[in-house]
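> Below are the sequence and a predicted model; questions follow.
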Amino acid sequence: MRSSSDWVQTKDGKWVKADVQKTRGLNLNHNHTMKHIFKGAATTVITQLEAEPLHEDYQRLLKAGTKPNLAKLTLARKIAAIALSMWKSHQEYDPTRHRKQGS
């Protein structure tokens with residue numbers, strides 16, 4: 001299948017094939033250790049910390065029809081974002097800050 005967006009015109013008037021869009025996600029030099037740490041933290045929240053708001057977020061994702069492996073990955077990314085935010089702002093973890101509004 002082809003479309004008009006497959007080709008672009010250069011300054012000298014020639015038509016050349018457009019660059020293919022790069023895939024998103026981790027590059028080849030990502031930090032394997034940190035990836036395992038955050039996925040392990042997500043596993044701990046899922047299996048052992050049922051009273052935590054992050055576990056409630058995981059359950060909400062499952063109820064919405066998200067596959068369990070993608071819900072776990074989403075939770076790991078959220079934990080990573082929280083850790084980065086805490087590190088930058090020099091704050092301690094407060095689970096009530098991460099509850100959805102209106103919950």
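Great, that's in hand. Numbers count the residues shown, from 1 in each chain.

> and R77, what does it touch?
Shown in contact with R77 (Cβ atoms under 8 Å, 6 or more residues apart in numbering): F38. No exception for glycine: its C-beta is placed from N, CA and C like everyone else's.

> any idea which helix or strand carries it?
Assigned by DSSP states H and E, R77 falls within helix 68-89.

> average pLDDT across that helix?
Mean pLDDT, helix 68-89: 88.

> residues of that helix that come out buried?
By neighbour count on 16 or more other Cβ atoms under 10 Å, the buried set for helix 68-89 is A71, K72, L75, A76, K78, I79, A80, I82.

> out of these, which one sits closest to K35?
Of all these, K35 sits closest to A76, with 8.2 Å by Cβ to Cβ.

> Isn't that closest one up against F38?
Yes: at 4.4 Å, A76 counts as touching F38 under the criterion of Cβ atoms under 8 Å.

> Where does the prediction get shaky in this structure?
Residues of the chain that meet the criterion pLDDT under 70 lie in 1-5, 21-28, 98-103.

> Tell me if I'm right that K78 and H55 touch.
No: K78 is beyond contact range of H55, at 11.6 Å (criterion: Cβ under 8 Å).

> For A83, which residues are in contact?
Residues near A83 by Cβ under 8 Å, 6+ apart: F38.

> that older thread, chain center to the helix holding R77, what's the gap?
Computed by Cα atoms, centre = their mean, to the nearest Å, the chain-centroid distance of helix 68-89 equals 7 Å.
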